[in-house]
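Participant: Quick one, fold the following:
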Amino acid sequence: MDEAGKQQAAVELMLQFAERTGLSSERPPRRYLWTDAFAVCNLLGLARAWGSVPLHELALRLVDQVHHVLGRHRADDPRAGQWISGLSPEAGEAHPTAGGLRIGKPLPERRPDEPFDPDLEWERDGQYYHYLSKWMHALDQRTRFTGEPVGNRQARELAAAAHAGFTYTPRPGARKRMVWKMSIDLGRPLVPSMGHHDPLDGLITVLQLRADRGDDPEGPDLDVELAEMTAIADHHDWATDDPLGLGGLMSDAYRLDQLVRRGAGGGEQLAPVLAAAGAGMSDYLRQLPLQRQARHRLAFRELGLAIGLQAVARLYEAVRRDPGPYAAIPAALRDLESLVACLPLTESIEGFWLRPEHRRSEGWLAHHDINEVMLATSLAPAGYLSLAGPAATAPSPTPQPLSGGAAHH
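Facilitator: Residues are numbered from 1 along each chain as shown. This next block holds a predicted model:
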């Protein structure tokens, strides 16, 4: 499938998603923060690429619907309809992200008197930091694509609320840590352990929001949040063999590269992130995961990897044009080349999940919305990946070596 065909397929997927989840139809809105964050980026990128006003309007409608659904208490909560921030109706409209945003899970959050059930907790509502950071990115993309400061401002307000809610000091004098899952009102932890990549997501996102603030005098400056998130992320091991986590690391590496080249900071994380991604890919591929049948595969996790590999392709092109920050970290170049050797997996993953019979499998249908949206992201990734707008240079199909050494994986 050529690029035009991929974009057409992505548009069709996004229009089906919009109709099915009540964005462009009379169906009750079905909002889920992670999926909707990718969807906003997709719609913005496709709107720019196609010159489509309707897709642009869908993106803005989705932002508004997420804030009015996930920024308010659930229908089965005594506080139904109120902003989870506790703000008045008027103030909540002006600052819809000031109290964070719900995940959108089907079950209500665990009550304080209920015992913890690790399986049931996956289906319960609350707030996840890594979902909030994805929404911050989507809001910031809104500002980048429209030129309107409101998206970045709401993202900074969300970053400040999330940081206050999810970070804590375990003992006097210790560096802060993070909670993985908080209650809807950010009043109590639901899962106190720290998400593996949450500090990295937070650090990069705060750097991005500060860099994109421009001359907007309103909203938090995130100085304290940046200092504390830098300390939390310092010397952290990001290694994982989870495909979604690996794709996230690769996308983070590309975001870092773009920020470093803009003078926004973050260069100290380039080498650790690329090293973790390179090592993790080796571990992942040893398991022969892409040889399994559809019923034993999770599409959205594999598609997260495919998105990350496309970030690697773009990063590689940027480094070929200007090695810049990598001159002093040759190990990072070698890790990048090892990831470039894996680029053919992108077409393999996309091709597998584009086959109609695989999209009729139980696993696909169980996660229908997130699978379709992330397939659309993989087919047309510029809206999600690029911090310079969707007109960024496309990657070369035949990368050339950077360091002179043999690529490995």
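Participant: In terms of secondary structure, what does the helix ranked longest in the chain contact?
Facilitator: Secondary structure of the chain per DSSP state H: the longest helix is helix 299-321. Helices and strands touching helix 299-321, as assessed by 3 or more C-beta pairs under 8 Å, 6 or more residues apart in numbering; DSSP states H and E, comprise helix 243-261, helix 330-340, helix 345-354, helix 368-379, helix 382-385. Where C-beta positions appear, they are placed from N, C-alpha and C, glycine not excepted.
Participant: Going by neighbour count, list what's buried in it.
Facilitator: Across helix 299-321, burial judged by 16 or more other C-beta atoms under 10 Å covers 299-316, 318-319.
Participant: Also stretch 65-82?
Facilitator: With the criterion 16+ other C-beta under 10 Å, stretch 65-82 contains buried residues 65-74, 77, 82.
Participant: picking up where we left off before, tell me the average confidence for the longest helix of the chain?
Facilitator: For helix 299-321, the mean per-residue pLDDT is 97.
Participant: tally of neighbours for His358?
Facilitator: 17 (other C-beta atoms under 10 Å).
Participant: For it, list the residues it contacts.
Facilitator: Residues in contact with His358 (C-beta atoms under 8 Å, 6 or more residues apart in numbering) are 294, 299, 352, 364.
Participant: Swap in 10 Å and give it another go.
Facilitator: Contacts for His358 (C-beta atoms under 10 Å, 6 or more residues apart in numbering) come out as 293-295, 297, 299, 351-352, 364.
Participant: cool, Glu12 as well?
Facilitator: If you count contacts by C-beta under 10 Å, 6+ apart, Glu12 has them with 372, 376, 379.
Participant: surely the first one meets Arg20?
Facilitator: Looking back up the chat, that one is Glu372. Yes: here Glu372 reaches Arg20: they are 8.6 Å apart, a contact under C-beta atoms under 10 Å.
Participant: who's more crowded, those two?
Facilitator: Legend: neighbour count by other C-beta under 10 Å for Glu372 and Arg20, higher for Glu372 (25 against 15).
Participant: any idea of the pLDDT on that one?
Facilitator: In this model, Glu372 is scored at 98, pLDDT.
Participant: so where do the strands sit in the stretch 151-300 of the chain?
Facilitator: For the stretch 151-300 of the chain, the strands defined by DSSP state E, counting those that start in this stretch cover 167-168, 177-178, 181-182, 189-191.
Participant: For these, state which one has the densest average packing.
Facilitator: Counting by mean count of other C-beta atoms under 10 Å, strand 181-182 has the highest mean neighbour count of the strands of the stretch 151-300 of the chain, with a mean of 24.
Participant: can you tell me the average pLDDT over that strand?
Facilitator: 98.
Participant: Show me what it is in contact with.
Facilitator: Residues from elsewhere that reach strand 181-182 (C-beta under 10 Å, 6+ apart): 100, 103, 109-110, 121-122, 124-132, 162, 165-166, 188-193, 195.
Participant: Would you mind listing which of those are buried?
Facilitator: Among the contacts of strand 181-182, those that count as buried by neighbour count (16+ other C-beta under 10 Å) are 100, 103, 109-110, 121, 124-132, 162, 165-166, 189-191, 195.
Participant: and those residues, which of them are in helices?
Facilitator: 121, 129-132, 162, 165-166.
Participant: Out of those residues, which two sit at the greatest distance?
Facilitator: Glu121 and Ala162 (19.4 Å; C-beta to C-beta).
Participant: residue boundaries of the helices in the stretch 51-200 of the chain?
Facilitator: 53-70, 89-94, 118-121, 129-146, 150-166, 198-211 (DSSP state H, counting those that start in this stretch).
Participant: if we can go back for a sec, nearest to His235 among the buried residues of stretch 65-82?
Facilitator: Leu70 (34.2 Å).
Participant: What's the separation between that closest one and Trp83?
Facilitator: Here the criterion is C-beta to C-beta, to the nearest Å. By it, Leu70 lies 11 Å from Trp83.
Participant: hey, what's in contact with both of these two?
Facilitator: Residues within reach of Leu70 and of Trp83 at once, by C-beta under 10 Å, 6+ apart, are 96-97.
Participant: how far away is the nearest residue to Leu290 once chain neighbours are set aside from Ala306?
Facilitator: Distances taken as C-beta to C-beta, 6 or more residues apart in numbering place Ser348 nearest to Leu290, at 6.1 Å, with adjacent residues excluded. Between Ser348 and Ala306 the computed distance is 9 Å (C-beta to C-beta).
Participant: try Arg360
Facilitator: Following C-beta to C-beta, the distance that separates Arg360 from Ala306 is 20 Å.
Participant: one step back: what's the most distant pair in the buried residues of stretch 65-82?
Facilitator: Gln65 and Asp77 (18.6 Å).
Participant: Return the residues in contact with the residue lying closest to Ala80 once chain neighbours are set aside.
Facilitator: Closest residue to Ala80 apart from its sequence neighbours, by C-beta to C-beta, 6+ apart: His73 at 5.4 Å. Residues in contact with His73 (C-beta under 10 Å, 6+ apart) are 79-84, 102, 108, 125, 184-185.
Participant: Just those: which are in strands?
Facilitator: In strands, defined here by DSSP state E, there are no members of the contacts of His73.
Participant: Same list (the residues you listed) but as JSON lines, adding distance to Phe116.
Facilitator: Converted to JSON lines, these look like this (distance: C-beta to C-beta, whole Å):
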{"residue": "Arg79", "distance to Phe116": "23"}
{"residue": "Ala80", "distance to Phe116": "25"}
{"residue": "Gly81", "distance to Phe116": "29"}
{"residue": "Gln82", "distance to Phe116": "27"}
{"residue": "Trp83", "distance to Phe116": "28"}
{"residue": "Ile84", "distance to Phe116": "22"}
{"residue": "Arg102", "distance to Phe116": "19"}
{"residue": "Pro108", "distance to Phe116": "15"}
{"residue": "Asp125", "distance to Phe116": "15"}
{"residue": "Ile184", "distance to Phe116": "17"}
{"residue": "Asp185", "distance to Phe116": "19"}
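Participant: Perfect, I'm done here.
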